[in-house]
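1. Everything below, folded, please.
(one chain, ligands or ions: 3)
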Amino acid sequence: MTDSNYNQLDNEIRFNWGRQEILEILNKPLIDLMWESQIVHRKFNKYNIQLASLFSVKTGGCEENCSYCSQSIYSTSEIKSHPQFQVEEVLKRAQIAKNEGADRFCMGWAWREIRDGKSFNAMIDMVRGVRDLGMEACVTAGMLTEDQACRLADAGLTAYNHNLDTSPEYYKNIITTRTYQDRLDTIKRVRNAGINVCCGGIIGLGETNCDRASLLEVLSNMNPHPESVPINLLVAIEGTGLEDNQEIDSIEMIRMIATARILMPNSKIRLSAGREKLSKEAQILCFQCGANSIFYGDELLTTSNPSFQSDRKLLKEVGVSFNKDFDTCEKTLSSL
Ligand code: SAM
Ligand code: DTB
Ligand code: SF4
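-> Ligands and ions are numbered 1, 2, ... in the order given. Next up is the predicted model:
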């Protein structure tokens, strides 16, 4: 075992991880990587999986050209069109998610940036409403200004999701309508406003292992670390620039999650998009190596996700705990 791992065992959280040492962790024999990540995970976390529900408030028509995304105006994907959802309907969805056992409600808007006015005011009301239900609230809606970040913080927003997606070096192959620095600036505004940062990336974009290490280097050198780190497996959607990308082996997802757990022991590492492509066994290994949250519910933003029922069954089988109120929730559901 290397000195850096001993530091982890001594409870020291590091913010100075180097790319080479991250790459070495990522490339370790799988059996060692799994063991080391479990040691960190058991020490810092209690195998409690947070269930986060995701809802698309505004779908499609986004001016950015993220080549994986069906919601970009540059994609030809067929997506369900619906006018932007109103506050009442969104809060109804949050209540349903809560009844199903979720304790975090994430709301997405397909925007390049948030604009002030009617729909920003509605966003604020949605955040307040979700918090009043006793749930954590997360928003993802593109770039935001300092003033908007402060207004969202005042409304009680728990976290803002803004992913870096990939390494600074590979980024220009995926998105050209905004820079890596634009993303970092928004993340800084979120942090300065006192909102938790939710920031992660995607694997399967065609990046190398070195790019994955480079993304993890940026994330793990943030001080504090992002409280939440979603790791997405590309959902290759028809009509997007990456529709023909080769599927990657599930072992790579396990490696990415295990490495993120070793580097950022206290963060919620979220096993995010792409779970439909992972076997039950691959997901179990992800939980064992450090994933402590999933998106829970039949839909992500424009694509499908495992059902509530199958996820409850999976988590029960694994024996992890996933909601303190779960027994009550199970009884309420069965009496419906
Ligand atoms: N427009 C906002 C933004 O980009 O920040 C919010 C929504 S966007 C869909 C949120 C994140 O979802 C992206 O940054 C990306 O990491 C992830 N994502 C989007 N499409 C995906 C796909 N097809 N497969 C995997 N992850 C995806
Ligand atoms: C994140 O990192 N993954 C979520 C959430 N943040 C907003 C989005 C996944 C989208 C998957 C593709 C889709 O459904 O369109
Ligand atoms: Fe727009 Fe977000 Fe999709 Fe990029 S990922 S095209 S910013 S909705």
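2. going forward, measure contacts between C-alpha atoms and count neighbours the same way
-> Fine.
3. Give the helix, strand or coil label for Asp125.
-> helix (DSSP: H, G, I helix; E, B strand; the rest coil).
4. For ligand 3, see how far away the closest residue to it other than its chain neighbours is.
-> Computed as C-alpha to C-alpha, 6 or more residues apart in numbering, the closest residue to Asp125 that is not its neighbour in sequence is Val87, at 6.8 Å. Separation of Val87 from ligand 3 (C-alpha to the nearest ligand atom, to the nearest Å): 20 Å.
5. got the residues of the stretch 51-200 of the chain near ligand 2?
-> Within the stretch 51-200 of the chain, the positions adjacent to ligand 2 are Gly108 by C-alpha under 6 Å from any ligand atom.
6. residue boundaries of the helices in the stretch 51-200 of the chain?
-> Taking DSSP state H, counting those that start in this stretch as the test, the helices found in the stretch 51-200 of the chain are 87-100, 118-132, 146-154, 180-192.
7. Output those as TSV; include the columns mean pLDDT.
-> Converted to TSV, the helices of the stretch 51-200 of the chain look like this (pLDDT from 0 to 100):
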stretch	mean pLDDT
helix 87-100	96
helix 118-132	97
helix 146-154	98
helix 180-192	98
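8. what about the ones you listed, which gets the closest to Lys277?
-> Comparing the helices of the stretch 51-200 of the chain by their distance to Lys277 (C-alpha to C-alpha), the top pick is helix 87-100, with 23.2 Å.
9. Show me which positions of the closest one end up buried.
-> The neighbour-count check on helix 87-100 (16 or more other C-alpha atoms under 10 Å) flags Val87, Val90, Leu91, Arg93, Ala94, Gln95, Ala97, Lys98, Asn99, Glu100 as buried.
10. And the residue nearest the centre of the chain?
-> Pro230 (2.7 Å; C-alpha atoms, centre = their mean).
11. Identify the bridge partners of that one.
-> With DSSP bridges as the criterion, Pro230 is bridged to Arg270.
12. so who does it touch?
-> Pro230 makes contact with Cys198, Cys199, Gly200, Gly201, Ile269, Arg270, Leu271, Ser272, according to C-alpha atoms under 8 Å, 6 or more residues apart in numbering.
13. correct me, but the first one touches Ser228?
-> Right, the one you point to is Cys198. Yes. Counting by C-alpha atoms under 8 Å, Ser228 is a contact partner of Cys198 at 4.4 Å.
14. Which residues of the stretch 51-200 of the chain lie near ligand 3?
-> Contacts of the stretch 51-200 of the chain with ligand 3, taken as C-alpha under 6 Å from any ligand atom, map to Cys62, Glu64, Asn65, Cys66, Cys69, Gln71, Ser72, Ala110, Trp111, Arg112, Gly142.
15. Tell me if I'm right that the first one and Ala110 touch.
-> If I follow you right, that is Cys62. Yes. Between Cys62 and Ala110 there is a contact under C-alpha under 8 Å: 5.3 Å.
16. Give the intersection of the neighbour lists for those two.
-> Joint contacts of Cys62 and Ala110 (C-alpha under 8 Å, 6+ apart) are Gln71, Ser72.
17. returning to that earlier point: just give me the closest of the contacts of Pro230 to ligand 3.
-> Distances from ligand 3 to the contacts of Pro230, taken as C-alpha to the nearest ligand atom, are shortest for Gly201 (10.9 Å).
18. contacting residues around the closest residue to Phe55 other than its chain neighbours?
-> Excluding the flanking residues, the one nearest Phe55 by C-alpha to C-alpha, 6+ apart is Met107, at 5.0 Å. Going by C-alpha under 8 Å, 6+ apart, Met107 touches Leu54, Phe55, Ser56, Val57, Ala137, Cys138, Val139, Thr140.
19. Tell me how far the first one lies from Cys210.
-> When you say that, I think you mean Leu54. Look at Leu54 and Cys210: by C-alpha to C-alpha, to the nearest Å, they are 30 Å apart.
20. Same question for the fourth one.
-> Counting by C-alpha to C-alpha, the gap between Val57 and Cys210 amounts to 35 Å.
21. Neighbour count: these two, which is higher?
-> A direct count of neighbours by other C-alpha atoms under 10 Å for Val57 and Cys210 places Val57 higher, at 21 against 18.
22. thinking again about what came up before, and which of the contacts of Pro230 is nearest to ligand 1?
-> Looking across the contacts of Pro230 and measuring by C-alpha to the nearest ligand atom, the closest to ligand 1 is Gly201, at 5.0 Å.
23. Would you confirm that the closest one contacts Thr166?
-> Yes. With contacts counted by C-alpha under 8 Å, Gly201 reaches Thr166, the gap being 5.7 Å.
24. and for these two, which residues touch both?
-> Joint contacts of Gly201 and Thr166 (C-alpha under 8 Å, 6+ apart) are Leu215.
25. Of the contacts of Pro230, which is the most crowded?
-> Of the contacts of Pro230, with other C-alpha under 10 Å as the count, Ile269 tops at 30 neighbours.
26. quick one: contacts for that one?
-> Ser228, Val229, Pro230, Ile231, Ile257, Ala260, Arg261, Gly290, Ala291, Asn292, Ser293.
27. for the helix or strand encompassing the fifth one, packing partners?
-> Per DSSP states H and E, Ile257 falls inside helix 250-263. Here helix 250-263 touches helix 19-26, helix 30-44, helix 209-220, strand 228-233, strand 268-271, helix 280-289, going by 3 or more C-alpha pairs under 8 Å, 6 or more residues apart in numbering; DSSP states H and E.
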